[in-house]
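[1] okay, sequence plus prediction incoming.
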Amino acid sequence: MAISSKVAIKEFFDHASIRDLEDRLLQAPPFEAKGATVRRLVEHYCEFMAVMKSNVTEFPAYGHQLSPPPSIDRVWCEHILDTRGYREFCVEKFGKFVHRNANGALHRNDLQRELKRAKTTIVYAKRLGEKRIEEMINADLWWPVFSSRKRRAEDSSLEEQPVSIFSKFTKNSVTR
């Protein structure tokens, strides 16, 4: 089930705790950034929550098992600190409290971590489209392991060519 990025942002951004979150992020280290940057991060967080919600609808048993990229996870952590607002947000948008596993990024091994990131990437592409992920990669809002374009720019021995983020997961792909 595909969802529109604009619809996803609008659906979640209208909650009072999200508006408060944006205000807090403008003053919270390490964010202390321009309003447009914080707004963009909050919008990406809203997209992540919308992707999670649509995934839960389709896969109730394990739909919440997505792992946000670090920039989105930091926004999620800040949102959770507003315990009342976050609880109200979850109940209104999900019908129940959405837990965040603080040790989620600390999987037992690299393969588990990569598989969870791959699952999140695939679900994102299915829900919002591969183009949206490419935009997030270009804005350095996705995991560094997926940011092949940035690495290629740093390595002058590699010629510039378009690379799909999904090439990493195909059998015949070259790992960059």
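    Sure thing, it's come through. Just so we're clear, the structure is a prediction, and the values are computed from it rather than from any experiment.
[2] identify the spatial nearest neighbour of Ile80, chain neighbours not counted.
    In space, and not counting its chain neighbours, Ile80 is closest to Tyr86: 5.1 Å by Cβ to Cβ, 6 or more residues apart in numbering. (Each C-beta comes from the backbone N, C-alpha and C, glycine too.)
[3] ditto for Val51
    Arg127 (4.7 Å).
[4] helix or strand: which one has that neighbour?
    Element membership of Arg127 [criterion: DSSP states H and E] is helix 110-128.
[5] can you give me the buried ones in that helix?
    The neighbour-count check on helix 110-128 (16 or more other Cβ atoms under 10 Å) flags 113, 116-118, 120-121, 123-128 as buried.
[6] a markdown table for those residues, including distance to Trp143 and pLDDT?
    Below are these laid out as a markdown table (distance: Cβ to Cβ, whole Å; pLDDT from 0 to 100):
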| residue | distance to Trp143 | pLDDT |
| --- | --- | --- |
| Arg113 | 9 | 77 |
| Lys116 | 10 | 82 |
| Arg117 | 6 | 84 |
| Ala118 | 10 | 85 |
| Thr120 | 9 | 87 |
| Thr121 | 8 | 88 |
| Val123 | 14 | 87 |
| Tyr124 | 11 | 86 |
| Ala125 | 14 | 87 |
| Lys126 | 18 | 87 |
| Arg127 | 17 | 86 |
| Leu128 | 16 | 87 |
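[7] quick one: low-confidence parts of the chain?
    In the predicted model of the chain, residues 1, 29-35, 60-64, 103-108, 144-176 satisfy pLDDT under 70.
[8] you'd agree Ile133 is up against Tyr124?
    Yes: with contact defined as Cβ atoms under 8 Å, Ile133 counts as touching Tyr124 (5.4 Å).
[9] would you map the helices across this protein?
    In order along the chain, the chain carries the following helices (DSSP state H): 5-13, 16-25, 35-58, 70-81, 83-94, 110-128, 130-138, 148-154.
[10] JSON lines for those helices, including distance to Arg100?
    Converted to JSON lines, the helices of the chain look like this (distance: least, Cβ to Cβ, whole Å):
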{"stretch": "helix 5-13", "distance to Arg100": "16"}
{"stretch": "helix 16-25", "distance to Arg100": "14"}
{"stretch": "helix 35-58", "distance to Arg100": "11"}
{"stretch": "helix 70-81", "distance to Arg100": "6"}
{"stretch": "helix 83-94", "distance to Arg100": "10"}
{"stretch": "helix 110-128", "distance to Arg100": "14"}
{"stretch": "helix 130-138", "distance to Arg100": "20"}
{"stretch": "helix 148-154", "distance to Arg100": "27"}
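[11] right, I'll call it a day here.
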